[in-house]
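Peer 1: any chance you can model this:
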Amino acid sequence: MTGDERPGILLVDDDETIRAGLGAFLERSGYRVIVAADGQEALDLLADAHVSLAVCDVIMPRVDGRAFVRRVRAEGRWLPIILLTQVGESYERSAALDEGADDYLNKPFDPQELLSRVRAVLRRTVPGERPLSASSRVRAGALELDRSARRVWLGGAELSLTPKAVMLLDYLMTHPGEVHTRDRLLSALWGFEVATSTRAVDHRVAELRRVLDDDPGAPRFIETVQNAGYRFVHAVVTP
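Peer 2: Numbers count the residues shown, from 1 in each chain. Presented below is the predicted three-dimensional model:
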């Protein structure tokens, strides 16, 4: 495979060490990597660069990661974006995902975990088409979620769910077909603000199943993958 044929990744981080180390790792993993030191440089590069995905730090000078996502989406670009940050608060993650980021990893992270996220995002996105992560509403059969208003309906009837359960449902529905470990869900949605027990994830899954009347033995929506985690099994579309 020639360099031009490899999927391109735009790596955006103001730390030169991360750009060099992570860039080399992604190159060895089969990707063509273009680097930028901040969001403004990344936006300038996008005018001519042909890339399949962006991996972007959040806290940067000039244009930060969240502003980068907003600017890219405002231009009508549906480029998949994975954000990286050391900020662990859940409101930061939920805001970034609401604004159209496709996934989110807390620093420090295992480069293999990032590689797994990159491959998963590229599998579920279609070049040029709006991804589920950039849609304000998503639907799985009779289940509909208004991501902006945090409201959920099943068969036309509005459901009452805790905020964490809605956040978990949002994440699962915008990442359908993927197996998510409990640790992954805890890190992505709860961060460092609660005790690290993965039982918090299990409790919210149980809440969702109860309200959605979803039988874990024959799931319509959320499947338990033995010794692995959870997966949203229903096809998801934008209304």
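
Peer 1: quickly list what the residue minimising distance to the centre of the chain is bridged to.
Peer 2: Closest residue to the average C-alpha location of the chain: Asp103 at 2.0 Å, with C-alpha atoms, centre = their mean. Partner residues in beta bridges with Asp103, using DSSP bridges, are Ile82.

Peer 1: got a list of what it touches?
Peer 2: Asp103 is in contact with Ile82, Leu83, Arg117, Ala120, Val121, Ser133, His175, Ala188, counting by C-beta atoms under 8 Å, 6 or more residues apart in numbering. Every C-beta, even on glycine, is put in place using the N, C-alpha and C of the backbone.

Peer 1: where does this protein have its least confident helix or strand?
Peer 2: The weakest-scoring helix or strand in the chain, judged by mean pLDDT, DSSP states H and E, is helix 90-98 (a mean of 62).

Peer 1: tell me the backbone dihedrals of the nearest residue to Ser135 once chain neighbours are set aside, please.
Peer 2: Distances taken as C-beta to C-beta, 6 or more residues apart in numbering place Thr238 nearest to Ser135, at 4.4 Å, with adjacent residues excluded. Backbone torsions of Thr238, given as degrees, to the nearest 10, read phi -100, psi 130.

Peer 1: Thr238 and Val138 touch, don't they?
Peer 2: Yes: between Thr238 and Val138 there is a contact at 6.1 Å, judged by C-beta atoms under 8 Å.

Peer 1: more crowded one of these two?
Peer 2: Between Thr238 and Val138, counting by other C-beta atoms under 10 Å, Val138 is the more crowded of the two (21 against 13).

Peer 1: hang on, the more buried one in a strand?
Peer 2: Yes: assessed by DSSP: H, G, I helix; E, B strand; the rest coil, Val138 belongs to a strand.

Peer 1: wait, doesn't it sit right on Val152?
Peer 2: No: with contact defined as C-beta under 8 Å, Val138 does not reach Val152; the gap is 10.5 Å.

Peer 1: need the residues touching each of the two.
Peer 2: Taking C-beta under 8 Å, 6+ apart as the criterion, Val138 and Val152 both touch Glu144, Leu145.

Peer 1: pLDDT below threshold where in the protein?
Peer 2: Across the chain, the ranges flagged by pLDDT under 70 are 1-4, 86-99, 127-128, 191-197.

Peer 1: show the residue spans covered by the strands in it.
Peer 2: Ranges of strands in the chain, per DSSP state E, are 8-12, 32-36, 53-57, 81-85, 103-106, 137-140, 143-146, 151-154, 157-158, 222-225, 229-232.

Peer 1: okay if I get the ones you listed as JSON lines plus distance to Arg204?
Peer 2: Formatted as JSON lines, the strands of the chain follow (distance: least, C-beta to C-beta, whole Å):
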{"stretch": "strand 8-12", "distance to Arg204": "32"}
{"stretch": "strand 32-36", "distance to Arg204": "36"}
{"stretch": "strand 53-57", "distance to Arg204": "28"}
{"stretch": "strand 81-85", "distance to Arg204": "22"}
{"stretch": "strand 103-106", "distance to Arg204": "18"}
{"stretch": "strand 137-140", "distance to Arg204": "17"}
{"stretch": "strand 143-146", "distance to Arg204": "15"}
{"stretch": "strand 151-154", "distance to Arg204": "13"}
{"stretch": "strand 157-158", "distance to Arg204": "19"}
{"stretch": "strand 222-225", "distance to Arg204": "10"}
{"stretch": "strand 229-232", "distance to Arg204": "10"}
